[in-house]
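1. Sequence first, then the predicted structure, then my questions.
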Amino acid sequence: MTARIIDGNALAAQVRGEIAQRAQALSAQGETPCLAVLLVGEDPASAVYVRNKVAACEKAGIRSLRFDYARDVDPAEVMRKLAELNADASVHGILVQLPLPPQFDEAAVLEAISIHKDVDGFHAENVGRLSQNREAFIPCTPHGVMKMLESVDAPVQGAEAVVIGRSNIVGKPMAMLLTNAGATVTVTHSKTRDLAAHTRRADILVVAIGRPRFIGADMIKPGAIVIDVGMNRVPDGPDAGKLCGDVDYASASEVAGAITPVPGGVGPMTITMLLENTVISAQRALARREARS
Ligand code: GUN
């Protein structure tokens with residue numbers, strides 16, 4: 001069997017077109033969506049992510065504000081900026097790029113962001129709301145994965161879903177979203193004993209373990225939907241240095257029913273969902289403004 005490719009670039013382009021229309025309509029009503037992005041330090045991967053987020057905003061007609069801080073900045077300075085952005089009615093989304101340098105208390109920073117502007121969905125209150133299946137900002141990567149599953153009409157309800165990875169950014173919210181959608185979810189991670197015994201049961205396998213080409217065909221149930229959240233460099237061999245996922249795409253695509261490539265899979269959907277969350281936040285701000293007048 002050769003797997004159906006779930007094309008993240010094509011899906012992202014379609015969704016971003018819809019987002020741009022919504023952004024334009026909001027602008028016409030005096031509520032131009034605006035995202036503020038804060039980057040601390042010079043981590044090259046973070047710098048690329050932030051650059052891509054800002055560029056994607058511009059393309060979608062979303063205003064962006066970018067604040068860069070030196071690696072050794074006093075956290076109080078960043079906290080002051082967050083308070084200022086929380087109070088600024090023209091700002092709808094606030095994102096602090098992670099990871100932060102060691103002098104920061106990451107949880108305290110995330111909780112200093114207004115829950116109404118927490119477009120990453122990392123604030124403890126939004127995490128709690130998601131766990132209770134109430135309206136919340138949903139973290140962008142797992143939200144993008146759900147959109148990808150929807151795009152192939154994946155039967156999530158009743159499915160065996162296995163998530164590899166237990167991070168706050170991907171694994172845990174992914175498990176929550178799949179649970180809310182009616183899947184039977186197993187969360188596994190780098191310490192799981194006999195990982196393959198779990199993955200081979202999965203109708204839906206979401207892989208976010210951060211190891212290049214770690215999941216091979218022998219770990220995949222024939223016909224499964226495989227979503228690869230990994231973003232690694234091939235360490236050696238003929239493809240050394242190239243981008244690759246956590247799944248060995250060449251062998252896995254012979255067994256899976258559908259699969260996301262890397263690059264061109266989950267990556268473009270992550271930023272797309274950030275844009276969507278920012279537009280949703282602006283729509284809510286407009287509704288509040290209209291309710292007051
Ligand atoms: N670092 C890695 N992924 C993310 C993300 O989705 N949001 C933020 N703020 N930082 C990240």
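-> Structure's in. What do you need?
2. Who are the contact partners of I5?
-> S253, A258, I259, T260, P261 (Cβ atoms under 8 Å, 6 or more residues apart in numbering). Where C-beta positions appear, they are placed from N, C-alpha and C, glycine not excepted.
3. Now flag whichever of those residues is closest to V119.
-> T260 (23.0 Å; Cβ to Cβ).
4. residues near the closest residue to the closest one other than its chain neighbours, how many?
-> Closest residue to T260 apart from its sequence neighbours, by Cβ to Cβ, 6 or more residues apart in numbering: I6 at 4.7 Å. Counted with other Cβ atoms under 10 Å, residues neighbouring I6 total 25.
5. Against A12, how distant is I6?
-> The gap separating I6 from A12 is 11 Å, by Cβ to Cβ, to the nearest Å.
6. can you check A47 too?
-> 21 Å.
7. Compare neighbour counts for these two and give me the winner.
-> The residue with more neighbours, out of A47 and A12, is A12; 26 against 14, by other Cβ under 10 Å.
8. in whichever strand or helix holds the more buried one, what counts as buried?
-> Under the criterion of DSSP states H and E, A12 resides in helix 8-28. Residues of helix 8-28 classed as buried by neighbour count (16 or more other Cβ atoms under 10 Å): G8, L11, A12, V15, R16, I19, A20, R22, A23, L26.
9. cool, stretch 228-236 as well?
-> D228, V229, G230, M231, N232.
10. residues contacting the fourth one?
-> Read it as M231. With the criterion set at Cβ under 8 Å, 6+ apart, M231 makes contact with L243, G245, V262, P263, G267.
11. just the helices in the stretch 101-250 of the chain please.
-> 106-111, 124-131, 140-151, 171-180, 195-199, 249-252 (DSSP state H, counting those that start in this stretch).
12. Okay, now stretch 245-253: how far is its last residue from its first?
-> Stretch 245-253 stretches 13 Å from its first residue to its last (Cα to Cα, to the nearest Å).
13. Show me how far that stretch is from its chain's centre.
-> Stretch 245-253 has its C-alpha centroid displaced from the chain centroid by 21 Å (Cα atoms, centre = their mean, to the nearest Å).
14. Repeat that for stretch 67-84.
-> On Cα atoms, centre = their mean, the centre of stretch 67-84 falls 24 Å from the chain's centre.
15. So which bits of it are buried?
-> For stretch 67-84, by 16+ other Cβ under 10 Å, it's F67, Y69, V73, P75, V78, K81, L82.
16. Name the nearest residue to the second one, sequence neighbours excluded.
-> Spelled out, that is Y69. In this structure, Y69 finds its nearest non-sequential neighbour in V40, 4.5 Å apart by Cβ to Cβ, 6+ apart.
17. which ones are touching that neighbour?
-> V40 neighbours (Cβ under 8 Å, 6+ apart): Y69, A70, R71, V73, V78, V96, Q97, L100, P101, F104.
18. what's the burial count for the residue of the stretch 51-200 of the chain found nearest the ligand?
-> For the stretch 51-200 of the chain, the residue closest to the ligand is L98, as judged by Cβ to the nearest ligand atom, at 3.7 Å. The number of residues packed near L98 is 17, by other Cβ under 10 Å.
19. And for the one 3 residues further on?
-> The local packing of P101 (other Cβ under 10 Å) involves 14 other residues.
20. can you pull the pLDDT of it?
-> Confidence at P101, expressed as pLDDT, is 98.
21. Backbone dihedrals for it, both of them.
-> phi -60, psi 160 (degrees, to the nearest 10).
22. Over the helix or strand that contains G267, what's the mean pLDDT, rounded is fine.
-> Following DSSP H and E, one finds G267 within helix 266-292. Averaged across helix 266-292, pLDDT comes to 97.
23. Same question for stretch 187-196.
-> Stretch 187-196 comes out at a mean pLDDT of 98.
24. which residues are contacting that stretch?
-> Contacts of stretch 187-196 (Cβ under 8 Å, 6+ apart): 162-166, 171-172, 175, 198-199, 209, 218-219.
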